[in-house]
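Q: build the 3D model from these lines:
(4 chains)
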Protein chains: 2
Amino acid sequence: MTNLETTAPKSKDPKTHSLKEMIIGLIIEHLDTEEKLPPEKELMRRFGVSRTTLREALSAFESNGIIVSRQGSGRYVQIPNISKQIVDTWSIVIQSKPSMLLELLEIRSILEINSLPKAMERINTDQLQYLGLQVEIMKSKAAKGEPFVKEDRQFHKTLFTSTNNIFLEQLLTTFWDLFEESEINKKHNDLMEVAFQHEKMLEAFAKQDLPLLSQLFQEQFSDARYQIMKSLVNS
Amino acid sequence: MTNLETTAPKSKDPKTHSLKEMIIGLIIEHLDTEEKLPPEKELMRRFGVSRTTLREALSAFESNGIIVSRQGSGRYVQIPNISKQIVDTWSIVIQSKPSMLLELLEIRSILEINSLPKAMERINTDQLQYLGLQVEIMKSKAAKGEPFVKEDRQFHKTLFTSTNNIFLEQLLTTFWDLFEESEINKKHNDLMEVAFQHEKMLEAFAKQDLPLLSQLFQEQFSDARYQIMKSLVNS
DNA sequence: TACCATTTGTCCGTATGTATC
DNA sequence: AGATACATACGGACAAATGGT
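A: Alright, predicted model coming up:
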């Protein structure tokens, strides 16, 4: 058993603080099992607060995503997803400063490229086959002049999911969300080239050619950088 | 099921949705100037909602940190800090699954090591001098057997701040916060060695010896990984 | 110093709508 | 269809911090 101490009472505000603390305790209790939390009525009684007070305290955790409530059913605990929180606020910031997208791309490229070795060694045939499917869809859509953001995203997501790093996956998902929301590089000049780029990546993957794969990723990020800068100039 | 546009809320409940929208508009308006927002009374009137409703809508933005309210003064808009949001939730998760720290360290090491080239080319003499000061403090504290988390942190922060990437800075800050909160590797076996490690890093920096610097960082992260794993075994 | 209006914080109660089981 | 549980909204009251007089 871990020592769940109810924090040293060094703060002035015992009620609010301890209510928050008690909810955290409740969360930790239910985090492993992902059980349903007790209903509001029960919690009101247990903590001795009104519904408004309780709900306000809970809402903080809900906006974080560590507690999710389903109307008519109850509240549940889950591992939080940072994406939503970050996107909610930073999409607003980016509206004011679009050049921030370059900073994000910089981080994304570092993380993806450095994840390639691990992704390459851990990927399995099913995933490889799935990547092949995505590439085929890309090519067919490109031929029809349709964009294929979803497939592009799935392709990358499949790669970095195989690193088995939850935080990394969430972080990269966040970047995709922010880019999509910003609606920059919505339409790429040469869809077919992008599709082929991914086909080459897949081949490099199949051949376990890490240097080539890295280079292809580098090129792709260069291209993305260019697209963003072009958009920035136009606005 | 897959009914797109699950609800057409416009006829029923335009208020909630547009209330959020209006607040976002308010935020964007004030994001550049960092002015004070209108008081609740004014917003209640302007948006035509009750205080409870208004406050609940605002609280979502407050928990994100893009709005901060000061009792007795008012509400202010600021560029949000992802650190707080992430730490709030993930420190809880880490309490349940401490092994997650290894994943975080993995990301942190990738980001820091890949930031070294840029940091090296952009660092100035003032910063270099500041790093030297930190190292001296580290050594003197190590001699007395005192830990020097703050100086260690300042050392690294100075490096990656010089990359001028706000998001990166916030991310790395987040990791430090999470590690500190987890209270793992609080006490290192050999403080003096850590201090010397940083001294060597500083020398490599001064000599612009990137390969050596990278190697030193690698070693440092290896050591950190070992410290974490040791802590994991003990619990 | 002290008082004051302003502004946010906290808390309570109630009512009605809506989704789930 | 009914009971349960959460969503949304309104109203009021008092406390606490701030900023200015």
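
Q: use CA for all of it now, contacts and neighbours both
A: Fine.

Q: now A:Ile79: closest residue in space, sequence neighbours ignored.
A: Nearest residue to A:Ile79, sequence neighbours excluded (Cα to Cα, 6 or more residues apart in numbering or on different chains): A:Ile66, at 5.8 Å.

Q: wait, the one you found touches B:Thr89, no?
A: Yes - between A:Ile66 and B:Thr89 there is a contact at 6.6 Å, judged by Cα atoms under 8 Å.

Q: for the residue nearest to A:Ile79, what are phi and psi?
A: Backbone torsions for A:Ile66, taken as degrees, to the nearest 10, come to phi -80, psi -20.

Q: so what's it up against?
A: Contact analysis of A:Ile66 by Cα atoms under 8 Å, 6 or more residues apart in numbering or on different chains lists A:Val77, A:Gln78, A:Ile79, A:Pro80, A:Asn81, B:Thr89.

Q: that one and A:Glu40, how far apart?
A: 17 Å (Cα to Cα, to the nearest Å).

Q: domain map for chain A?
A: Following automatic domain parsing, one gets these domains for chain A: A:12-77, A:82-234.

Q: buried deepest among those domains, which one?
A: domain A:82-234 (a mean of 17; mean count of other Cα atoms under 10 Å in any protein chain shown).

Q: do that domain and chain B meet at all?
A: Yes - Domain A:82-234 is in contact with chain B by Cα under 8 Å from any Cα of the partner chain, via A:82, A:85-86, A:89-90, A:92-93, A:96, A:103-104, A:107, A:110-111, A:114, A:165-168.

Q: who are the packing partners of the lowest-mean-pLDDT helix or strand in chain A?
A: When each helix and strand of chain A is scored by mean pLDDT, DSSP states H and E, helix A:14-31 comes last, with a mean of 77. If you count contacts as 3 or more Cα pairs under 8 Å, 6 or more residues apart in numbering or on different chains; DSSP states H and E, helix A:14-31 packs onto helix A:51-64, strand A:74-77, helix B:82-96.

Q: contact partners of the lengthiest helix in chain A?
A: Longest helix in chain A, counting residues (DSSP state H): helix A:210-234. Under the contact criterion Cα under 8 Å, 6+ apart, helix A:210-234 has outside partners A:98-99, A:101-102, A:105, A:109, A:113, A:116-117, A:120, A:184-185, A:188, A:197, A:200-201, A:204-205.

Q: thinking again about what came up before, dump the domains of chain A to a markdown table, plus distance to DNA strand D.
A: Rendered in a markdown table, the data for the domains of chain A read as follows (distance: least, Cα to the nearest atom of the strand, whole Å):
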| stretch | distance to DNA strand D |
| --- | --- |
| domain A:12-77 | 4 |
| domain A:82-234 | 16 |
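
Q: check contacts around A:Lys36.
A: A:His30, A:Gly74, A:Arg75, A:Tyr76, A:Val77 are the contacts of A:Lys36 under Cα under 8 Å, 6+ apart.

Q: go ahead and name everything in contact with the helix or strand encompassing A:Glu106.
A: Taking DSSP states H and E as the definition, A:Glu106 sits inside helix A:100-122. Contacts with helix A:100-122, where a contact means Cα under 8 Å, 6+ apart, come from A:94, A:159-160, A:162-163, A:168, A:172, A:175, A:179, A:205, A:208, A:210, A:214, A:217-218, A:221, A:225, A:228, B:107, B:110-111, B:114, B:165-168.

Q: end-to-end on stretch A:201-220?
A: Per Cα to Cα, stretch A:201-220 runs 10 Å from first to last residue.

Q: same question for that stretch, mean pLDDT?
A: Stretch A:201-220 carries an average pLDDT of 95.

Q: run the chain-centre distance for that stretch.
A: Centroid separation between stretch A:201-220 and its chain, computed with Cα atoms, centre = their mean, to the nearest Å, is 24 Å.

Q: ok, now stretch A:191-202?
A: For stretch A:191-202, the distance to the chain centre is 24 Å (Cα atoms, centre = their mean).

Q: contacts for it, please.
A: With Cα under 8 Å, 6+ apart, stretch A:191-202 has contacts from A:128, A:131-132, A:135, A:138-139, A:142-143, A:145, A:147, A:213, A:216-217, A:220.

Q: backbone dihedrals for A:Asp190, please?
A: For A:Asp190, the backbone dihedrals are phi -120, psi 90 (criterion: degrees, to the nearest 10).

Q: quick one: it from DNA strand C, how far?
A: Counting by Cα to the nearest atom of the strand, to the nearest Å, the gap from A:Asp190 to DNA strand C is 42 Å.

Q: likewise A:Glu169?
A: A:Glu169 sits 28 Å away from DNA strand C, taking Cα to the nearest atom of the strand as the criterion.

Q: for that residue, what are its contacts?
A: When contacts are counted by Cα under 8 Å, 6+ apart, A:Glu169 touches A:Lys157, A:Phe160, A:Thr161.

Q: least confident of these?
A: The pLDDT minimum for those sits at A:Phe160, where the score is 88.

Q: chain center to the host helix or strand of it, what's the gap?
A: Per DSSP H and E, A:Phe160 falls inside helix A:149-161. Mean-position distance between helix A:149-161 and its chain equals 12 Å (Cα atoms, centre = their mean).

Q: put the alpha carbons of it into PDB.
A: Coordinates of each C-alpha in helix A:149-161 appear next as PDB, following Å, rounded to 0.1, in the frame of the first residue of the first chain:
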ATOM      1  CA  VAL A 149      -5.400  14.500 -44.200                       C
ATOM      2  CA  LYS A 150      -6.900  11.600 -42.300                       C
ATOM      3  CA  GLU A 151      -4.800   9.000 -44.000                       C
ATOM      4  CA  ASP A 152      -1.700  11.100 -43.600                       C
ATOM      5  CA  ARG A 153      -2.400  11.500 -39.900                       C
ATOM      6  CA  GLN A 154      -3.100   7.700 -39.500                       C
ATOM      7  CA  PHE A 155       0.200   6.900 -41.200                       C
ATOM      8  CA  HIS A 156       2.200   9.000 -38.800                       C
ATOM      9  CA  LYS A 157       0.100   8.000 -35.800                       C
ATOM     10  CA  THR A 158       0.700   4.300 -36.500                       C
ATOM     11  CA  LEU A 159       4.400   4.900 -36.500                       C
ATOM     12  CA  PHE A 160       4.700   6.800 -33.200                       C
ATOM     13  CA  THR A 161       2.100   4.700 -31.500                       C
END
